[in-house]
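Chemist: Starting from these lines, generate the structure:
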Amino acid sequence: PPPRPGTDLGGGTNLDNSFTGNGMASFLRSEGGGRTAAAERLQKEIRRLQFPERCNGRPLMLHSLGDRRSGWGMGSMLHEMTVAMGLALSLGRTLVLPENDEWWYAAPECVPRGFGCYFSPLSSCKVSDSSDIVRSSDYMTAPQQYQTEAMKYIQEGYRQHGLLWWRSQLVAFFWRPLPHVQAQVTRRKHALGWPHHTRPVLAVHVRHGDKGGGGRSGRLVVEMEEYYAQIKAVAVGYGVEHVYVAGDDAETVAATAQVVQSFGLQAMVDAEEARTGTDNSAMMLLTHHVNITQYALDAVFNVEMMAQASHLICTLGSHFSRLAHEIRLARGGYLSPPVSLDVMWFVNP
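Modeler: Presented below is the predicted three-dimensional model:
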């Protein structure tokens, strides 16, 4: 597993440890310890930096999410932008994206282009507003070094809340789906049969599609029996009856849903999910032989449902799962420690 800094990262646990009662209230819900007030203060600081009164001559930091040559997934791309946001804050620069943003999760004909196809604007400033521009790539630290020096990227006055809290707040700023995207999320959520908010939901994210055979990263694929055992344990331990099943491989999702139903639980699977193991491989091979708009909307929907659930089972070795966990933490946190079947939360980048 990736190395983890010896700091207050928290937020992931094996279920066997979650019922011991030995201080598990510290699994980093975002309330308490002054975190709510700190979050409000930090969001105001970010907004002042990103939406200044004047953009003309403003010090800028230019960041690129990556075009179709990059081959990265949405989670890893957005985590790169999280690091860039932290760097921009530390330098007092406004973070901007290219005006000809070619983020390949957005179709070329989408208006606005790139990131703006799905999310609210990152800033009111643009590259042409200033000649004082630096590139985030010139400041980004190698992952191994970032692992050991990550805490220094947290602004003074916020370090006591930990790196996970800090990263969650940065993600929360730019994870603001546009109204038309949020409307699709709401419609698809209702179609799932999502219960009233007073009834708990367990989200399960199975990462197999592009991790089969070790995937590009050589990461171990968790056996499905481990997922099934944890699903049953969480359902019994927390009185859960509804289970949202997501993943990057439609065939595995369907099989997991069948097992969930065999436990006497209500399985919720998105009928509009277009991704399959074949589609996922096509994406990773940069062929674009998928409907990229549908693919992106599926990804946003999956992250949102994972972040709106009460409990989570996943592999935090996945950028995708870490992204959902971070968004949920910024919104208040899960009702139980997220169950990670590979590693606890870590930073990379």
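Chemist: going forward, measure contacts between C-alpha atoms and count neighbours the same way
Modeler: Fine.
Chemist: which residues of the stretch 201-349 of the chain fall in strands?
Modeler: 201-206, 242-247, 266-268, 311-314, 339-340 (DSSP state E, counting those that start in this stretch).
Chemist: Let's have the ones you listed in JSON lines, adding mean neighbour count, distance to Glu45 and mean pLDDT.
Modeler: Below are those laid out as JSON lines (neighbours: other CA atoms under 10 Å; distance: least, CA to CA, whole Å; pLDDT from 0 to 100):
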{"stretch": "strand 201-206", "mean neighbour count": "26", "distance to Glu45": "33", "mean pLDDT": "96"}
{"stretch": "strand 242-247", "mean neighbour count": "26", "distance to Glu45": "35", "mean pLDDT": "95"}
{"stretch": "strand 266-268", "mean neighbour count": "21", "distance to Glu45": "39", "mean pLDDT": "98"}
{"stretch": "strand 311-314", "mean neighbour count": "26", "distance to Glu45": "31", "mean pLDDT": "97"}
{"stretch": "strand 339-340", "mean neighbour count": "26", "distance to Glu45": "32", "mean pLDDT": "96"}
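Chemist: Tell me which of the ones you listed lies nearest to Arg47.
Modeler: For Arg47, the closest of these is strand 311-314, at 30.1 Å, according to CA to CA.
Chemist: Can you pull out the residues in contact with that closest one?
Modeler: With contact meaning CA atoms under 8 Å, 6 or more residues apart in numbering, strand 311-314 is reached by 200-207, 227, 230-231, 306, 321, 334-341.
Chemist: Tell me the strands beside that strand, with direction?
Modeler: Taking DSSP bridges as the criterion, strand 311-314 sits next to strand 201-206 (parallel), strand 339-340 (parallel) in its sheet.
Chemist: May I have it exported as PDB, CA atoms only?
Modeler: Output of strand 311-314 as PDB, limited to C-alpha atoms (Å, rounded to 0.1, in the frame of the first residue of the first chain):
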ATOM      1  CA  HIS A 311     -22.200   4.500   5.400                       C
ATOM      2  CA  LEU A 312     -19.500   3.600   2.900                       C
ATOM      3  CA  ILE A 313     -17.600   0.400   1.900                       C
ATOM      4  CA  CYS A 314     -14.900   1.000  -0.600                       C
END
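Chemist: Please state the offset of it from the chain centre?
Modeler: Centroid separation for strand 311-314 versus its chain: 13 Å, with CA atoms, centre = their mean, to the nearest Å.
Chemist: what does stretch 106-121 give?
Modeler: That offset, for stretch 106-121, works out to 19 Å (CA atoms, centre = their mean).
Chemist: can you pull out the strands in the stretch 1-150 of the chain?
Modeler: Along the stretch 1-150 of the chain, the stretches classed as strands by DSSP E, counting those that start in this stretch are 60-62, 94-96, 133-135.
Chemist: low pLDDT regions in the stretch 101-250 of the chain?
Modeler: Low-confidence segments of the stretch 101-250 of the chain, defined by pLDDT under 70: 141-152, 209-220.
Chemist: picking that back up, including distance to Pro195, could the strands of the stretch 201-349 of the chain go into a markdown table?
Modeler: Shown next, in a markdown table, are the strands of the stretch 201-349 of the chain (distance: least, CA to CA, whole Å):
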| stretch | distance to Pro195 |
| --- | --- |
| strand 201-206 | 8 |
| strand 242-247 | 8 |
| strand 266-268 | 10 |
| strand 311-314 | 14 |
| strand 339-340 | 22 |
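Chemist: Looking at these, spot the one closest to Asp101.
Modeler: Here strand 242-247 is closest among the strands of the stretch 201-349 of the chain (CA to CA), at 27.6 Å.
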